[in-house]
Every structure is written in C-alpha cells, then in structure tokens.
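Enquirer: Sequence first, then the predicted structure, then my questions.
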Amino acid sequence: MEIDTITQNRYYNTDDNLILMKQSSVYDGRLLAEAVVSRGDKHVALAWTKENEEFTSSIKGYIIGSIIQHFRELNFSPNLYSEQWAKETSIKNIGGRATEGMILCELDHTLSAKNRSFNDNYTDKFSTEIKPVAYLSYRAILLFYDAVRGIGYNRSYIEYRDYIINMNKSHGIKEDISFTQNGDVMGRSKILYIIKDNEYDLYK
C-alpha cells in the first residue's frame, strides 16, 4: 500500500492499493473553469505545470513569472489562472503588476489550533514557509499510525488499506477527511484567490 501525497490522475477513481491524499487536479480544473465562465472571459491564459508540482514549483514559478512579464511588454493582457504552486512561489512578486487579476485555486488553509501549531513548529525548524506537501506527508504518516493503532502491527497492506478506507472520518490537520472505496480522498475543500492590488484576496 502506498499513501500518495501527489495528485496522480491516472490512479484517481481506480481500484488499486493506493491511498490518495490529494484530490485529482481535474477538480481544480473544474473550479477554475467555473471562474472563467463567471467572469465571461473570451481569452484566457492558464499558468500550467506538470504533475508533482510541489517538487518543481520554484523553477516553474520563475519561468511563468517571466512569461507573464513578457505578456505585458507585448501589450497582451489575458486573464490568468493557475493552481496553488503559483501562490507558494510568490508569482505576484516575480510577475509584477502583470499578475493583477490572476485567479488561483488552492487548498483552504483555514488555521485551526492544530494547524497553527504544526505551521509554527515547521517554520521554527526549517526557517521557511510551509508547503502543502509537508501537510500532506505529515497527514499520511498520521493516517497510517491511526490504522496501526486500530488493527495492530504485522497486518497485510490490504488490511491497512481497507481499515483506512472504511474509517468514518480521520482527523486531519486542517479538516476531517474520508475516502472513497477506491482510496481517493474526499472533502478536501478548495478556495479561489484573486491577485488584487498585489495581495491575495478571496475570489467571490
């Protein structure tokens, strides 16, 4: 059994031995598509990256930032959309004023007491702002711990998988989570931000 913290669309909604902690990026795409429709956009530019963006976002952020700047130089101003990696890499600082109006989809980072504690400990230890992959990896460890505590040691991976899938709810750092019968996480809330006056505001 693998507890995967990275979006893998090819494993999503598949009866396998994977427990997916992150929803398919198809879900992000639908939210962004709804934003496109609600704004009545006729021309759109998607700031795009490949799978495993958590491990390549710093490089991608600078590349996309330079592309956005080039848009402005050419007097081409499409409405821009991206996922949370762009927010993590401060793309508004890299792309400058050309990012104004950009919409980003990311996990809801509502700070519960547990979340604040984990965030503070991470920042103190690593002297950097926490990334979603850290939350997901830590949550994956706790999830497996819950399974071991529930059915004991030396059980098969199938037994651990079935225990996790059939749990009513697992208490996450940010929110309670549960899984489909295929082991795909459910109930991870998402939120849309818009870059407005060089700040990240909630997009309504």
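Expert: Yep, it's here.

Enquirer: use CA for all of it now, contacts and neighbours both
Expert: Noted.

Enquirer: Tell me which other helices or strands the lengthiest helix in the chain touches.
Expert: Criterion DSSP state H: the longest helix present in the chain is helix 132-151. Other helices and strands packing on helix 132-151, by 3 or more Cα pairs under 8 Å, 6 or more residues apart in numbering; DSSP states H and E, are helix 157-166.

Enquirer: Would you mind listing the buried residues in the helix it packs on?
Expert: Using 16 or more other Cα atoms under 10 Å as the test for burial, helix 157-166 gives Tyr160, Arg161, Asp162, Tyr163, Ile164, Ile165.

Enquirer: Report the rounded mean pLDDT for it.
Expert: Helix 157-166 carries an average pLDDT of 82.

Enquirer: Report the angle between it and helix 132-151.
Expert: For helix 157-166 against helix 132-151, the angle by axes from the mean of the first three to the mean of the last three Cα atoms, to 10 degrees is 110 degrees.

Enquirer: Report all helices and strands that helix 157-166 contacts.
Expert: Helix 157-166 packs on helix 132-151, strand 176-179, going by 3+ Cα pairs under 8 Å, 6+ apart.

Enquirer: Switch the buried residues of helix 157-166 over to JSON lines; also include distance to Met102.
Expert: Output for those, formatted as JSON lines (distance: Cα to Cα, whole Å):
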{"residue": "Tyr160", "distance to Met102": "42"}
{"residue": "Arg161", "distance to Met102": "39"}
{"residue": "Asp162", "distance to Met102": "41"}
{"residue": "Tyr163", "distance to Met102": "41"}
{"residue": "Ile164", "distance to Met102": "38"}
{"residue": "Ile165", "distance to Met102": "37"}
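
Enquirer: Counting residues, which strand of the chain comes out longest?
Expert: strand 190-196 (DSSP state E).

Enquirer: what's that one packed up against?
Expert: By 3+ Cα pairs under 8 Å, 6+ apart, strand 190-196 packs against strand 103-107, strand 199-202.

Enquirer: Partner strands of the longest one and their direction?
Expert: The reference is to strand 103-107. strand 79-83 (parallel), strand 190-196 (antiparallel) (DSSP bridges).

Enquirer: what's the longest one in contact with?
Expert: Under the contact criterion Cα atoms under 8 Å, 6 or more residues apart in numbering, strand 190-196 has outside partners 28, 31, 92, 99-108, 200-204.
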